[in-house]
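[1] Any chance you could fold what I've pasted below:
(2 chains)
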There are 2 protein chains.
Amino acid sequence: MEQRTRRGRTPRAEILDAAGELFTTNGYANTSTRAVADAVGIRQASLYHHFAAKDDILDALLSETIATPLELAGQLRDRPEPAHIRLYALAWFDVRQLCAAHWNLGALYLLPELRTDRFAAFRLRRDELRGHYETFAGAVIADAAEAGIPGAEVLPFRLVETVISMRSDEGSAPAYAERTIPDATLRMLGWQGDLDEIRGAASELLERLASPLPLG
Amino acid sequence: MEQRTRRGRTPRAEILDAAGELFTTNGYANTSTRAVADAVGIRQASLYHHFAAKDDILDALLSETIATPLELAGQLRDRPEPAHIRLYALAWFDVRQLCAAHWNLGALYLLPELRTDRFAAFRLRRDELRGHYETFAGAVIADAAEAGIPGAEVLPFRLVETVISMRSDEGSAPAYAERTIPDATLRMLGWQGDLDEIRGAASELLERLASPLPLG
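    I've put the predicted structure just below:
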């Protein structure tokens, strides 16, 4: 009989939660699958029933960090709302989920392991999300009255991910990040309209899409 | 007789360069001091003559990444130029040095090891740099015609450091980053003036300060 010590809906969720904690606090290379199994309170053989190797656990954790924003971006791509509302909605949602995640998993994006073939599929999916951001941002720049800053369409995706550094440096991202970052995203693209109005429109849009992670 | 295999001005510089490569490509935890010594072509005992432990090498590498921007920020603090010129100059210089560094050492900022006491002094110095950014950015917001975005003074430091993710994802930061990021920094703070003019003024200011890393 195993005595599971970790709370979670399923054994798989417990393993991912324990691994998320150990990878972000002790480091990926420093964490063995044995340590993960111990933290869950299961035998290593039971862990292997769910994940064949440590990199499969990492891949599952990383995939979780982009699954919902990627799904949302796909929905937003086909919406009739102006690009600045869709970009605002995506950035808001994404900042919020990066802040709300139990562990700061984005800190693992810079692991050298992620540049290996093993994580090519994950990198492709993250590039896909980045592509959505850049498409929306390019449309915002094209709509803006003012001449845009060349290359600025790459910045919204990057600015959103800065909540990862904030969490790492400060223990948690500041509460105002989920407002400040989407607001700043539009301003740096040269969009000069009323931000309260956009925020209201983005909020309505997100509710209409019945997004899997409510903005609360 | 040792047969050193690495080029560098001094044995210490060779050790740092080899460690920078190994830490960023294989990972910090995966790299032993023995591997660093081997990469330099020296005995481990010779390495210990320069660095007593692996974390001393990491500390030296990390300190290099903030030494010159911190020195520049201290000089800029006491200058009479308007805050937007000083912030632009700092962001430009810092993006450039993060892009030009031989190894993408900023990728190591998210290591869990950095949250230990061993790196408290480094964290304090990085916080000091961050404080300079926030002071300059706060002054830009105060000067701007338009009402600022609450909390936006924290973003310029973060936006500058996104070149670390760009380098990690793309192999190198895009050439336009050193223009796009300082430009976007001012725009997201609500500063609406002419960016070419500011860039000219920031360039002159940096030359006047005879900064240790010329903008080329």
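
[2] Let me see the contact set for residue A:126.
    A:66, A:109 (C-beta atoms under 8 Å, 6 or more residues apart in numbering or on different chains). For glycine as for every other residue, the C-beta is placed from the backbone atoms N, C-alpha and C.

[3] pLDDT wise, what is it at?
    The confidence metric pLDDT takes the value 98 at residue A:126.

[4] Dump the C-alpha coordinates for the strand or helix carrying residue A:161 into PDB.
    Using DSSP states H and E, the element containing residue A:161 is helix A:155-170. C-alpha atoms of helix A:155-170 as PDB (Å, rounded to 0.1, in the frame of the first residue of the first chain):
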ATOM      1  CA  LEU A 155       7.800  42.900 -27.800                       C
ATOM      2  CA  PRO A 156       4.300  42.100 -26.400                       C
ATOM      3  CA  PHE A 157       5.000  38.400 -26.100                       C
ATOM      4  CA  ARG A 158       8.300  39.200 -24.400                       C
ATOM      5  CA  LEU A 159       6.800  41.800 -22.100                       C
ATOM      6  CA  VAL A 160       4.100  39.300 -21.000                       C
ATOM      7  CA  GLU A 161       6.800  36.800 -20.100                       C
ATOM      8  CA  THR A 162       8.600  39.300 -17.800                       C
ATOM      9  CA  VAL A 163       6.200  38.200 -15.100                       C
ATOM     10  CA  ILE A 164       8.400  35.100 -14.800                       C
ATOM     11  CA  SER A 165      11.400  37.300 -13.800                       C
ATOM     12  CA  MET A 166       9.200  39.300 -11.500                       C
ATOM     13  CA  ARG A 167       8.000  36.200  -9.700                       C
ATOM     14  CA  SER A 168      11.500  34.800  -9.500                       C
ATOM     15  CA  ASP A 169      13.000  38.000  -8.100                       C
ATOM     16  CA  GLU A 170      10.200  39.000  -5.800                       C
END
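
[5] Name the SS class of residue A:107, please.
    helix (DSSP: H, G, I helix; E, B strand; the rest coil).

[6] shouldn't it be in contact with residue B:107?
    No: with contact defined as C-beta atoms under 8 Å, residue A:107 does not reach residue B:107; the gap is 10.6 Å.

[7] For the residue nearest the centre of chain A, which residues are in contact?
    Geometric centre of chain A, nearest residue: residue A:65, 4.1 Å, by C-alpha atoms, centre = their mean. Applying C-beta under 8 Å, 6+ apart to residue A:65 gives the contacts A:97-98, A:101, A:105-106.

[8] With distance to residue A:163 added, can I get these in CSV?
    Shown next, in CSV, are the contacts of residue A:65 (distance: C-beta to C-beta, whole Å):
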residue, distance to residue A:163
A:97, 10
A:98, 5
A:101, 10
A:105, 12
A:106, 8
